[in-house]
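**Q** Sharing a model that was predicted from the sequence below.
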Amino acid sequence: MKELKPEILAEMAALTANHNIAILHLVFSRIQQRDAPVVALAFLDFTDSNISPEELVNQVERRFGPIVEVEIIKPKVEGFIVNTVSHNLMLGENRAIIFRDIGYRGLVLDVRKKIGSGAEAIQYYLGFEAGLEFGKKHREMGEALGIRDPVQVYRDISSSMFNCVGYGAMETVKLTMQPPYALIRVFNCFECELGKGSAKPFSHLVRGMIAGVLTELLGVEMFAKETKCIAKGDPYCEFEVTPRK
């Protein structure tokens with residue numbers, strides 16, 4: 001779709017309604033360039049409709065032909081359909097992936113059972129290195145938005161990015177530059193949900209990420225310690241971040 005005008009969306013919605021087509025999922029996206037085409041992904045239910053998907057495409061192309069191109073995703077198995085057209089998931093200009101809990105359970109939980117405390121140390125440093133890279137990107141985003149204060153970058157960008165990718169709901173309780181210190185609260189931490197029933201705090205990957213981001217933003221190597229954790233029955237996970245001794 002070359003342009004996304006309100007009247008075009010209204011006409012498309014009316015077209016599906018006229019043929020009793022149920023819209024199950026609809027999303028529009030555009031890469032950062034304003035003149036780039038808009039991509040729309042729709043999952044439609046034709047069960048009670050009086051036309052076929054092919055007939056709907058013909059009508060759309062006749063009405064919106066100069067600005068719209070349509071491709072039908074056909075299910076390979078009856079009753080099962082997924083998006084097989086959009087091969088790369090992007091978050092801004094960065095490649096992203098969706099990692100389900102049945103997959104990251106092995107990386108977080110099962111590897112600890114096999115290797116022990118060594119796996120916990122590895123996970124912390126993996127998170128820390130990832131956090132350093134996140135911090136660099138968040139600083140760049142802040143500069144593009146006119147934000148240069150590291151505290152504001154973390155509060156407004158780092159925590160928002162943490163939330164939007166599904167790691168959990170982050171709240172910055174306290175963050176100071178002098179002295180370098182942070183108290184970070186995370187609700188529904190994806191990592192610690194796997195450790196329910198633990199007698200001690202469970203996070204190593206996420207606390208490493210938090211320490212890495214703050215290290216990059218504050219310019220001081222930071223260390224994160226989890227003081228509260230949902231794995232051991234607390235209502236949220238809480239991380240105290242101080243300079244590494």
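**A** All right, it came through fine.
**Q** would you say residue 235 is within a helix?
**A** No - Residue 235 is assigned coil when assessed by DSSP: H, G, I helix; E, B strand; the rest coil, not a helix.
**Q** residues near it, how many?
**A** 9 (other Cβ atoms under 10 Å). From N, CA and C alone the C-beta is placed, and that goes for glycine too.
**Q** which residues in the protein form strands?
**A** For the chain, the strands defined by DSSP state E cover 22-29, 39-45, 89-91, 94-96, 169-176, 181-187, 222-228, 237-243.
**Q** Which one of those strands lies nearest to residue 52?
**A** Proximity to residue 52, assessed across these by Cβ to Cβ, is greatest for strand 39-45 (11.1 Å).
**Q** just the angle between the closest one and strand 22-29, please?
**A** Using axes from the mean of the first three to the mean of the last three Cα atoms, to 10 degrees, one finds that strand 39-45 and strand 22-29 are set 170 degrees apart in direction.
**Q** Paired strands for strand 39-45, with orientation please.
**A** Applying DSSP bridges to the sheet, strand 39-45 is found paired with strand 22-29 (antiparallel).
**Q** and the partner strand, C-alpha only, in PDB?
**A** In PDB, the C-alpha atoms belonging to strand 22-29 read as follows (Å, rounded to 0.1, in the frame of the first residue of the first chain):
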ATOM      1  CA  ALA A  22     -14.900 -11.100  10.100                       C
ATOM      2  CA  ILE A  23     -11.500  -9.300  10.700                       C
ATOM      3  CA  LEU A  24      -9.600 -11.500  13.200                       C
ATOM      4  CA  HIS A  25      -6.400  -9.600  13.100                       C
ATOM      5  CA  LEU A  26      -5.200  -6.400  11.300                       C
ATOM      6  CA  VAL A  27      -2.000  -4.500  11.600                       C
ATOM      7  CA  PHE A  28      -0.300  -1.800   9.600                       C
ATOM      8  CA  SER A  29       3.400  -1.000   9.600                       C
END
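**Q** The longest helix seen in the chain packs against which elements?
**A** Criterion DSSP state H: the longest helix present in the chain is helix 117-144. Other helices and strands packing on helix 117-144, by 3 or more Cβ pairs under 8 Å, 6 or more residues apart in numbering; DSSP states H and E, are helix 111-115, helix 150-153, helix 205-218.
**Q** and with 10 Å instead?
**A** helix 111-115, helix 150-153, helix 159-164, helix 205-218, strand 222-228 (3 or more Cβ pairs under 10 Å, 6 or more residues apart in numbering; DSSP states H and E).
**Q** Quick check: mean pLDDT of it?
**A** The pLDDT scores in helix 117-144 average 96.
**Q** just stretch 84-93 next, same as before
**A** pLDDT averaged over stretch 84-93 gives 81.
**Q** Okay, domains of the chain per the record?
**A** Domain ranges of the chain: 6-87, 99-243, per automatic domain parsing.
**Q** Identify the residues contacting the residue positioned nearest the centre of the chain.
**A** Central residue of the chain (Cα atoms, centre = their mean): residue 165, 1.7 Å from the mean position. By Cβ atoms under 10 Å, 6 or more residues apart in numbering, the contact list for residue 165 reads 91, 96, 98, 99, 190.
**Q** do you know how far the last one is from residue 165?
**A** From residue 190 across to residue 165, the span is 10 Å (Cβ to Cβ, to the nearest Å).
**Q** so what sits against both of those two?
**A** Common neighbours of residue 190 and residue 165 (Cβ under 10 Å, 6+ apart) are residue 99.
**Q** Please pull out the lowest mean pLDDT helix or strand from the protein.
**A** Ranked by mean pLDDT, DSSP states H and E, the weakest helix or strand in the chain is strand 89-91, scoring a mean of 83.
**Q** distance of residue 194 from residue 234?
**A** Residue 194 is 15 Å from residue 234, by Cβ to Cβ.
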